[in-house]
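Build me a model from this:
(chains A and B)
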Amino acid sequence: MSEDIQTGLAEILEEVAGVAPADATPEKSFTEDLDVDSLSMVEIATAVEDKFGVAIPDDELGNIKTVGDAISFIQKNQ
Amino acid sequence: MSTSVDDVVVTGLGATTPLGGDVASTWDALLAGRSGVSRITDDWVKEFPAQLVARLAEDPVARLDRVRARRLDRSQQVAVIAAEEAWQDSGAGDAGVDPLRIAVVFGTGIGGALTLLGQDDVLEEKGPKRVSPFTIPMLMPNGPAAAVGLAVGAKGGVHAPVSACASGAEAIRWGLDLLRFDRADVVLVGGTEACVHPLPMAGFAAMRAMSTRNDEPERASRPFDKARDGFVLGEGAAAIVLERADAAKARGARVHARLAGAGGTADGYDLVAPHPEGEGAGRAIAAAIRDAGLTPADIAHVNAHATSTPVGDTAEAAAIRGAIGEHVVVTATKSQTGHLLGAAGALESVFTILALREQIVPATANLDDPDDDAAVQALDIVRREPRRMTLSAAVNDSFGFGGHNIALVFTTV
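Numbering: from 1, shown residues only, chains lettered A, B, ... in the order given. I've put the predicted structure just below:
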């Protein structure tokens, strides 16, 4: 299940921010490691909502620092 | 011509236009007499009186990194492509110029209209949460200047003049001032426009400003011709790198031409209609010639704004005749490029610079039967074939809705 989520998230990261799928591993920080800026995070959140059917409230978005954080959030809320 | 420390020269040129994806292909197509105008075939255009457009020869998205392209409005994409060509042409990027001494002045007439209208569709169809977080940086009129500033690492200032169809020329004038006031060492200037969309098309058509010669696209833009009936909307961008002559010489830069002077005025007459005698336009031309330390007799060539509208072309002819005289050799390149609005002054300055460098004046296409107007009749407008001639000084003039008039004087080095 978490592998499917990681793959889906990697597809979003590639489309929105040009992140190579192999780089989208759980320990990676969006801003520090993957060079994803704040506006791109908003686009990613919208794409996650579409793909996984989970809404990410604005106050939660700030707590999602790594790819792993995003995977856990999706798992918990799906 | 004598030079002084405040002389400003052109060291880089860039463009992406309806005639070509760079300066060389655009210039070749211009001299070959090719047209960039075609008829729109999309369904939405069926009810439109004016159905013509001068689309880019090369898709900008194909030239840019995919992720970079999706965060830039089309007007920013073409601005960046033209700017990067000019920057590379100048060699300034490799010359170790302090980023704090690099400035950008890049104008647009309309700005990010495609983003504004496209995101309005998203808002209506899907709601506010689906509007892109990049909407504002893509639609703001300083967006192209800011994107260009990032592309070349300019930290000395980024400016965005907005004066409708004079914006590109106004950017060049501001660039000249920045160098004269020693506020920068290298200034990348230019103009951009990409607003081919039903709303701007409908708006210009409602003003009766656009040609409705839908069955003859390549014949529709015909400045100074008796049968002209309006402009053809074009898209694209052009960019120029300016430096002080002494600095350019010190780093061994190739110099295309000299930007000798500029003049700017306002008509103070009407929001959109030009003064019928081109009074403000003539004052801008005269001011630019004075600023260059020249006299009207020195000016051999004018690349005219001439958009192919009935009133605009005759007003400009009167201004040119009054401010320069009947000896000057005129061309109107919008006959082939269409009207690039906020990019027009920059693109036509590139053409003026190339005319000086190559000693050739491009022809005005479709000028079969010059208008009966006395000033049009009096001017020597190049028709049919480009004209080889000796040129040492030339004017490019640009006018915008709002009564903005800008004239620029370029000379050989």
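
Point out the residues in chain B that sit beside chain A.
Counting by CB under 8 Å from any CB of the partner chain, the residues of chain B close to chain A are B:65-67, B:129-130, B:132-134, B:137. Glycine gets a C-beta too; all of them are placed from N, C-alpha and C.

Give me the subset of those residues lying in helices.
Among these, DSSP state H puts B:66-67, B:137 in helices.

before we move on, back to that, can you pick out the most distant pair from the residues of chain B next to chain A?
Greatest spatial distance in the residues of chain B next to chain A: B:65 and B:129, 27.6 Å, computed using CB to CB.

For PyMOL, what selects the buried ones among the ones in helices among the residues of chain B next to chain A?
Selecting the buried subset of those in PyMOL, with 16 or more other CB atoms under 10 Å in any protein chain shown as the burial test, is done by:
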select buried, chain B and resi 137
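
and of the ones in helices among the residues of chain B next to chain A, the nearest to chain A?
Nearest to chain A among those is residue B:67, at 3.5 Å by CB to the nearest CB.

contacting residues around the closest one?
When the contact criterion is CB atoms under 8 Å, 6 or more residues apart in numbering or on different chains, the partners of residue B:67 are A:16-18.

repeat that with 7 Å
The neighbourhood of residue B:67, defined by CB atoms under 7 Å, 6 or more residues apart in numbering or on different chains, consists of A:17-18.

measure it to residue A:16 for me?
Here residue B:67 is placed at a distance of 8 Å from residue A:16 (CB to CB, to the nearest Å).

Ramachandran angles for residue B:274?
Here is the backbone geometry of residue B:274 (degrees, to the nearest 10): phi -70, psi 150.

Residue A:4 belongs to a helix?
Yes - secondary structure of residue A:4, determined by DSSP: H, G, I helix; E, B strand; the rest coil: located in a helix.

about what we covered before: could I get the residues of chain B next to chain A in TSV, plus columns for distance to residue A:33?
Shown next, in TSV, are the residues of chain B next to chain A (distance: CB to CB, whole Å):
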residue	distance to residue A:33
B:65	19
B:66	21
B:67	16
B:129	28
B:130	28
B:132	24
B:133	21
B:134	22
B:137	24
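
These into JSON lines, with extra columns for pLDDT and distance to residue B:332?
Supplementary listing: those in JSON lines, determined by pLDDT from 0 to 100; distance: CB to CB, whole Å:
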{"residue": "B:65", "pLDDT": "94", "distance to residue B:332": "37"}
{"residue": "B:66", "pLDDT": "94", "distance to residue B:332": "38"}
{"residue": "B:67", "pLDDT": "93", "distance to residue B:332": "40"}
{"residue": "B:129", "pLDDT": "91", "distance to residue B:332": "49"}
{"residue": "B:130", "pLDDT": "93", "distance to residue B:332": "45"}
{"residue": "B:132", "pLDDT": "96", "distance to residue B:332": "39"}
{"residue": "B:133", "pLDDT": "96", "distance to residue B:332": "43"}
{"residue": "B:134", "pLDDT": "97", "distance to residue B:332": "38"}
{"residue": "B:137", "pLDDT": "98", "distance to residue B:332": "36"}
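
Would you pull up the residue in chain A closest to chain B?
Nearest residue of chain A to chain B: residue A:18, at 3.5 Å (CB to the nearest CB).

Show the pLDDT at that residue.
For residue A:18, the model assigns a pLDDT of 94.

Residue B:239: what's it in contact with?
B:14, B:82-83, B:86, B:188-190, B:346.

Where does the residue lying closest to it once chain neighbours are set aside sit, in terms of helix or strand?
Excluding its sequence neighbours, the residue lying closest to residue B:239 (CB to CB, 6 or more residues apart in numbering or on different chains) is residue B:190, at 3.5 Å. The secondary structure element spanning residue B:190 is strand B:186-193 (assigned by DSSP states H and E).

Those residues of chain A touching chain B, which are they?
Residues of chain A that fall close to chain B, judged by CB under 7 Å from any CB of the partner chain: A:17-18, A:39, A:42-43, A:46.

Would you reformat these as JSON lines and include secondary structure?
As requested, the residues of chain A next to chain B are arranged in JSON lines below (three-state DSSP):
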{"residue": "A:17", "secondary structure": "helix"}
{"residue": "A:18", "secondary structure": "coil"}
{"residue": "A:39", "secondary structure": "helix"}
{"residue": "A:42", "secondary structure": "helix"}
{"residue": "A:43", "secondary structure": "helix"}
{"residue": "A:46", "secondary structure": "helix"}
